[in-house]
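K.L.:
just coords:
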């Protein structure tokens, strides 16, 4: 495992991430939106996520900037990063497939939206956030730079902290006791723990 191979693995993971999301994005545009919580705050959070998970790592890989924040490259950590990346992509795909037409990239409820409690949602309420945390961890392991590697973890943490409660309030308003009962028996992002 070389640094170049680790960078190629990260890039391939990002391409696969988009390839997974694209068909669901196209399909979701056909379903009418009943409730939307998209506001300036949501756009800022999504913009920060894009910068942390995609822009900063891509700039570092293309230019080596900021080289002053490099850390030693570890082939073992890079191999672990590939394993985490594959797990992230599997969970990302699974969570999209389980949501089906209910999926949205932002805080939206579709007309005829259904509460999904099967598949990976049987174990956690927000597996897509879990997949983002795993993607960010893979980025940190594959890109040996404190800023470019670590930016994804910070961006995903901000996304999670500033969005999950709004999302859960929206779900509770839409599904009432059914969502509250589901919340009591499932963890948010780590099965049986958190």
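P.N.:
Nice, I can see it. Not measured: the values here are computed from a predicted model. Numbering: from 1, shown residues only.

K.L.:
rest of the way, CA atoms for contacts and neighbours
P.N.:
OK.

K.L.:
Please go through this structure and pick out the longest helix.
P.N.:
Of all the segments assigned as helix in the chain under DSSP state H, the longest by residue count is helix 146-175.

K.L.:
For the next helix or strand after it, give the mean pLDDT please.
P.N.:
As assigned by DSSP states H and E, the chain's next helix or strand after helix 146-175 is helix 177-185. For helix 177-185, the per-residue pLDDT values average out at 92.

K.L.:
what's next to helix 177-185, contact-wise?
P.N.:
Contact with helix 177-185 is made by 115, 117, 125, 171, 172, as judged by Cα atoms under 8 Å, 6 or more residues apart in numbering.

K.L.:
Let me see the contact set for the residue lying closest to residue 148 once chain neighbours are set aside.
P.N.:
Of all residues beyond its chain neighbours, the one nearest residue 148 is residue 57 (4.6 Å), with distances taken as Cα to Cα, 6 or more residues apart in numbering. Contact partners of residue 57, counting by Cα under 8 Å, 6+ apart, are 139, 143, 148, 149.

K.L.:
if we take those, which one ends up nearest to residue 165?
P.N.:
Of all those, the one with the least separation from residue 165 (Cα to Cα) is residue 139, at 25.8 Å.

K.L.:
what's the angle between the helix or strand harbouring that closest one and helix 146-175?
P.N.:
In this structure, residue 139 sits in helix 127-142 according to DSSP H and E. Relative orientation of helix 127-142 versus helix 146-175 (axes from the mean of the first three to the mean of the last three Cα atoms, to 10 degrees): 180 degrees.

K.L.:
now for helix 127-142, which elements pack on it?
P.N.:
Where contact means 3 or more Cα pairs under 8 Å, 6 or more residues apart in numbering; DSSP states H and E, helix 127-142 is packed against helix 3-28, helix 75-99, helix 146-175.
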